[in-house]
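*Asks:* What follows is a predicted structure for the sequence shown.
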Amino acid sequence: MIHIAVQKKLTAVEGEMLLDVDFTLEEGKLTTLYGESGAGKTSIFRIISGLLKADKGLITIKQKTWLDTEQKIYLKPQQRKVGLVFQEYALFPNMTVKENLFFALEKGQDKKIVDELIAIIELGNLQNRKPQHLSGGQKQRVALARAMVRKPDILLLDEPLSALDPKMRAKLQDYILEVHRQFKLTTLLISHDIGEVVKMSDCVMIIENGMITKQGNPIDIFTNQRVSGKFQFSGEIVQIQKEDVIYIVTIIIDANFVKVIAQEDEIKDLNIGDKVIVASKAFNPILYKI
Amino acid sequence: MMDWQPLVLTFKLALVTTLLLLIVSIPLAYWLAHSKSWFKPIAETLVSMPLVLPPTVLGFYLLVVFSPSSTFGSWLNESLRIQFIFSFQGLVLASVLYSLPFMVHPIQAGFSNLSSTISEASYVLGKSKITTLFKVLLPNIKPSLLTGVVLAFAHTIGEFGVVLMIGGNIPGKTKVASIAIYDEVEALNYSTANWYSLILFLISFCILLLVYLVNGGHLKRFWK
């Protein structure tokens, strides 16, 4: 069991904010932190990895105490077995792909893991390239593999896919899930994409202004009332048009546009930019291979 | 006939000064780039002072502090047998202080331009600050290191005032090329002065050219 309870006063753009979270993570599960920018998600990651000091708190991971402000226990980042993947990759530009992974090895650790990881992320033919000659998706695969070299007790992914195009994203999501399962990891993911959250996580926590306001199964959390639809997708409203007495709402789902007809009372609470779920149960979808 | 000794002495001084500066400047620049201490602006100002001060001011204070008639100077002389006035050590000390900003500024800029996530990534991978410095940070600021080394070296070659103040003009000991030129001109030996000047001009030109070629990536085109 992993228990994290921390408090930290943060100075954000809008002024001071108290980050105050207390949660437990089940081992082997993937949990997502979902919330607006500035809600404190990245600060939670920095506190867990030891890059930021909490004012008060307790972090126990697999029976080891990483932080206990009352007992004055504070492990340095170097002493915590954490895998952290940054949004901007943070690969070392002076080292090749393989050297980036070798650098992460602990003293006396078996070097075999490097080759294993290179095989899993399918970068064998690029292993002698420097990071500047890799695409965004490739860089993020290297960053993921590098974070795995030490076999971390917890894997933290800070919006790892936000800079990638939808196709690359989907592929990387599969890589992450594969690594997560194969190494039986406990993973925390920060994501802004509801589709991604639903696809990847066992549990989601909504963070608002430094507090966890909701947590649970992603589908339950993102649908206010349970919809028992034949199909449902989450997307974002990009346009609301009035046509005579009805409204046409255009929603972008991944890279596809969907137009949905809505009545005036239905669109009352909807605005451009809102995240919505498009669901239906009254007809039979047909699948075509493309 | 031209005496080669001043030129040899100049390059020996520049070499020793540059090596010492490199050792001093890396930790200093690292601290300046990362510190949030109240003392940092003062330290930055002190490092930059040689850029604006007449060299004679620095030379004068060094003379005052290290003169055998001062308490500190006589203590150094008696207990450690080190004499900084009119000696090669004195020239090195003065040059290190005088060329400090030329080494510290490029390295500091190099450290500041590196994204902090790179060092954080290294810490999270279990690497100490020292390992991170030598394996990650320094290899990624090679152009800044080269700029610092070359500027400090070239600037030391070009010293005159501070060297004259603290070292005087002792042949083979403290008479560097820039002082030799002044000497020859005073003695109306224009042709010898010309030779010294030309050699200094060409060497300085080549050194600086090398930096711009390397840092501008022009040499890579030939290697490919």
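*Replies:* Arrived safely, thanks for sending.
*Asks:* neighbouring strands for the longest strand seen in chain A, and are they parallel or not?
*Replies:* Longest strand in chain A, counting residues (DSSP state E): strand A:231-243. Neighbouring strands of strand A:231-243 in its sheet, by DSSP bridges, are strand A:246-253 (antiparallel), strand A:275-280 (antiparallel).
*Asks:* pLDDT-wise, which helix or strand of chain B ranks last?
*Replies:* Ranked by mean pLDDT, DSSP states H and E, the weakest helix or strand in chain B is helix B:218-223, scoring a mean of 70.
*Asks:* where along the stretch 101-250 of chain A do the strands fall?
*Replies:* For the stretch 101-250 of chain A, applying DSSP state E, counting those that start in this stretch gives strands covering A:154-158, A:187-190, A:203-208, A:211-216, A:231-243, A:246-253.
*Asks:* My understanding was that A:Tyr89 contacts A:Gln140; is that so?
*Replies:* Yes: counting by C-beta atoms under 8 Å, A:Tyr89 does reach A:Gln140; the two are 5.9 Å apart. C-beta here means a position set from N, CA and C on the backbone, and glycine is covered the same way.
*Asks:* higher neighbour count, the two?
*Replies:* A:Gln140 (28 against 22; other C-beta atoms under 10 Å in any protein chain shown).
*Asks:* contacting residues for the more buried one?
*Replies:* Residues in contact with A:Gln140 (C-beta atoms under 8 Å, 6 or more residues apart in numbering or on different chains) are A:85, A:89, A:160-161, A:164, A:172.
*Asks:* buried stuff in the top helix by length along chain A?
*Replies:* Using DSSP state H, we find that the single longest helix of chain A is helix A:166-182. The neighbour-count check on helix A:166-182 (16 or more other C-beta atoms under 10 Å in any protein chain shown) flags A:168-169, A:172-173, A:175-176, A:179-180 as buried.
*Asks:* before we move on, which element is A:Ala5 in?
*Replies:* Using DSSP states H and E, A:Ala5 maps to strand A:2-12.
*Asks:* rewinding a little: residues touching the longest helix of chain A, excluding its own?
*Replies:* Looking at what lies outside helix A:166-182 - C-beta under 8 Å, 6+ apart - the contacts are A:30, A:120-121, A:135-137, A:140-141, A:144, A:148, A:155, A:157, A:160-161, A:164, A:185, A:187, A:189, A:193, A:196, A:199-200, A:254-255.
*Asks:* Narrow those to just the buried residues.
*Replies:* Buried, going by 16+ other C-beta under 10 Å: A:30, A:120-121, A:137, A:140-141, A:144, A:148, A:155, A:157, A:160-161, A:164, A:185, A:187, A:189, A:193, A:196, A:200, out of the contacts of helix A:166-182.
*Asks:* Can you give me the pLDDT of the closest residue to A:Leu91 other than its chain neighbours?
*Replies:* Closest residue to A:Leu91 apart from its sequence neighbours, by C-beta to C-beta, 6 or more residues apart in numbering or on different chains: A:Pro131 at 4.1 Å. Note for A:Pro131: predicted pLDDT of 93.
*Asks:* and what of the one 10 residues further on?
*Replies:* Reading off the per-residue confidence, A:Arg141 sits at a pLDDT of 90.
*Asks:* now the buried residues of helix A:166-182 as JSON lines including distance to A:Ile73?
*Replies:* Shown next, in JSON lines, are these (distance: C-beta to C-beta, whole Å):
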{"residue": "A:Met168", "distance to A:Ile73": "41"}
{"residue": "A:Arg169", "distance to A:Ile73": "39"}
{"residue": "A:Leu172", "distance to A:Ile73": "36"}
{"residue": "A:Gln173", "distance to A:Ile73": "36"}
{"residue": "A:Tyr175", "distance to A:Ile73": "35"}
{"residue": "A:Ile176", "distance to A:Ile73": "31"}
{"residue": "A:Val179", "distance to A:Ile73": "30"}
{"residue": "A:His180", "distance to A:Ile73": "29"}
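*Asks:* With respect to B:Ser74, which of those is nearest?
*Replies:* Of all the buried residues of helix A:166-182, A:Val179 has the smallest distance to B:Ser74: 69.3 Å, by C-beta to C-beta.
*Asks:* From chain B, how far off is the closest one?
*Replies:* 17 Å (C-beta to the nearest C-beta, to the nearest Å).
*Asks:* what's the answer for A:Gly50, then?
*Replies:* A:Gly50 is 8 Å from chain B, by C-beta to the nearest C-beta.
*Asks:* For the residue nearest to B:Gly59 when sequence neighbours are not counted, give me its contacts.
*Replies:* Nearest residue to B:Gly59, sequence neighbours excluded (C-beta to C-beta, 6+ apart): B:Met165, at 2.6 Å. B:Met165 makes contact with B:55-56, B:58-60, B:62-63, B:94, according to C-beta under 8 Å, 6+ apart.
*Asks:* on that earlier part again, would TSV of the strands of the stretch 101-250 of chain A with mean pLDDT and distance to A:Lys8 be doable?
*Replies:* Formatted as TSV, those follow (pLDDT from 0 to 100; distance: least, C-beta to C-beta, whole Å):
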stretch	mean pLDDT	distance to A:Lys8
strand A:154-158	94	16
strand A:187-190	94	17
strand A:203-208	92	13
strand A:211-216	89	12
strand A:231-243	83	31
strand A:246-253	88	36
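*Asks:* Of those strands, which is nearest B:Phe134?
*Replies:* Once the strands of the stretch 101-250 of chain A are compared by C-beta to C-beta, strand A:154-158 is nearest, at 26.5 Å.
*Asks:* now what about that closest one, what contacts it?
*Replies:* Residues contacting strand A:154-158 (C-beta under 8 Å, 6+ apart): A:2, A:25, A:41-42, A:45, A:48-49, A:61, A:81-87, A:144, A:147-148, A:176, A:180, A:185-190.
*Asks:* Give me the neighbour count for residue 194.
*Replies:* Answering for chain A, as no chain was given. 21.
*Asks:* I was after chain B.
*Replies:* Neighbours of B:Asn194 (other C-beta under 10 Å): 14.
*Asks:* does it count as helix, strand or coil?
*Replies:* Assigned with DSSP: H, G, I helix; E, B strand; the rest coil, B:Asn194 falls in the helix class.
*Asks:* Indicate which one of the strands of the stretch 101-250 of chain A is closest to B:Ile42.
*Replies:* Per C-beta to C-beta, nearest to B:Ile42 of the strands of the stretch 101-250 of chain A: strand A:154-158, 36.9 Å.
*Asks:* ok so, going back, just the ones of the buried ones among the contacts of helix A:166-182 in helices?
*Replies:* Counting by DSSP H, the buried ones among the contacts of helix A:166-182 contribute A:120, A:137, A:140-141, A:144, A:148, A:196, A:200 to helices.
*Asks:* hmm, back to that, tell me the one of the buried residues of helix A:166-182 nearest chain B?
*Replies:* Minimum distance to chain B across the buried residues of helix A:166-182 is 16.6 Å, recorded for A:Val179 (C-beta to the nearest C-beta).
*Asks:* measure the closest one to B:Ala14 for me?
*Replies:* Going from A:Val179 to B:Ala14 by C-beta to C-beta, to the nearest Å gives 53 Å.
*Asks:* Spit out the contact partners of B:Ile181.
*Replies:* B:193, B:196-197, B:200.
*Asks:* again, 6 Å this time
*Replies:* Residues near B:Ile181 by C-beta atoms under 6 Å, 6 or more residues apart in numbering or on different chains: B:193, B:196-197.
*Asks:* Looking at those, state which has the most neighbours.
*Replies:* B:Tyr196 (25 neighbours).
*Asks:* From chain A, how far off is that one?
*Replies:* B:Tyr196 is 41 Å from chain A, by C-beta to the nearest C-beta.
*Asks:* Identify the residue nearest that residue in space, chain neighbours excluded?
*Replies:* Nearest to B:Tyr196 is B:Ile181, by C-beta to C-beta, 6+ apart, at 4.7 Å.
*Asks:* can I assume that neighbour sits in a helix?
*Replies:* Yes: counting by three-state DSSP, B:Ile181 is part of a helix.
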